[in-house]
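A.B. asks: let me see the structure of the following:
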Amino acid sequence: MSGIPASRYGVWCKWSAKYDWVKRCGAYDTYLDGLRRAEREREMIEREKKYLEATSLLLEKGTQKLVSMEKDEVTQGNALEFIKTAFDIERTIYGKDGKADAPGTGQLEIIFDDGFKGL
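C.D. replies: As a prediction, the model looks like this:
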């Protein structure tokens, strides 16, 4: 009995049943899980705000850079890189990163074997 004197073990078992220790412990575990989940949600919201601030700053800096560049300095690659990066980050934050359109993540297609024909 894990080093617990037999006389104590019996009493503890009775108290456990009498005071519903298992149910109470489960309820307390559920309560703690709720606290942890709420804390994670707060952290996610804060992180999302920081990402949005960074995205906004990136768009602003990219726009400033484009405005200040001479015509011959602006290439298609460097002009779009600032904006594309900012949009990609913003789309990721809002869950519109295009991953749902990736192969294997959309609607399932059922292909029947030729052996099913005529059934």
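A.B. asks: find the residue at the geometric middle of this structure.
C.D. replies: Met44 (8.0 Å; Cα atoms, centre = their mean).
A.B. asks: in which helix or strand would I find it?
C.D. replies: Taking DSSP states H and E as the criterion, Met44 maps to helix 21-68.
A.B. asks: how close does the residue nearest to the centre of the chain sit to Ile93?
C.D. replies: 11 Å (Cβ to Cβ, to the nearest Å). For glycine as for every other residue, the C-beta is placed from the backbone atoms N, C-alpha and C.
A.B. asks: same check on Arg37?
C.D. replies: From Arg37 to Ile93 the distance is 20 Å (Cβ to Cβ).
A.B. asks: burial count for Lys18?
C.D. replies: Other residues near Lys18 number 8, with proximity taken as other Cβ atoms under 10 Å.
A.B. asks: try the one 5 residues further on
C.D. replies: Taking other Cβ under 10 Å as the neighbour definition, Lys23 ends up with a count of 10.
A.B. asks: tell me the pLDDT at it?
C.D. replies: Note for Lys23: predicted pLDDT of 95.
A.B. asks: measure how far the helix or strand of the chain with the lowest mean pLDDT is from the centre of its chain, please.
C.D. replies: When the helices and strands of the chain are scored by mean pLDDT, DSSP states H and E, helix 76-93 comes last with a mean of 76. Distance of helix 76-93 from its chain centroid, counting by Cα atoms, centre = their mean, to the nearest Å, is 22 Å.
A.B. asks: cool, stretch 44-54 as well?
C.D. replies: 13 Å.
A.B. asks: can you check stretch 46-56 too?
C.D. replies: The mean C-alpha position of stretch 46-56 is separated from the chain mean by 15 Å, Cα atoms, centre = their mean.
A.B. asks: contacting residues around it?
C.D. replies: For stretch 46-56, contacts defined as Cβ atoms under 8 Å, 6 or more residues apart in numbering pick out Ala86, Ile89, Glu90, Ile93.
A.B. asks: any regions of the protein where pLDDT drops low?
C.D. replies: Residues of the chain meeting the criterion pLDDT under 70: 1-2, 4, 6, 74, 97-119.
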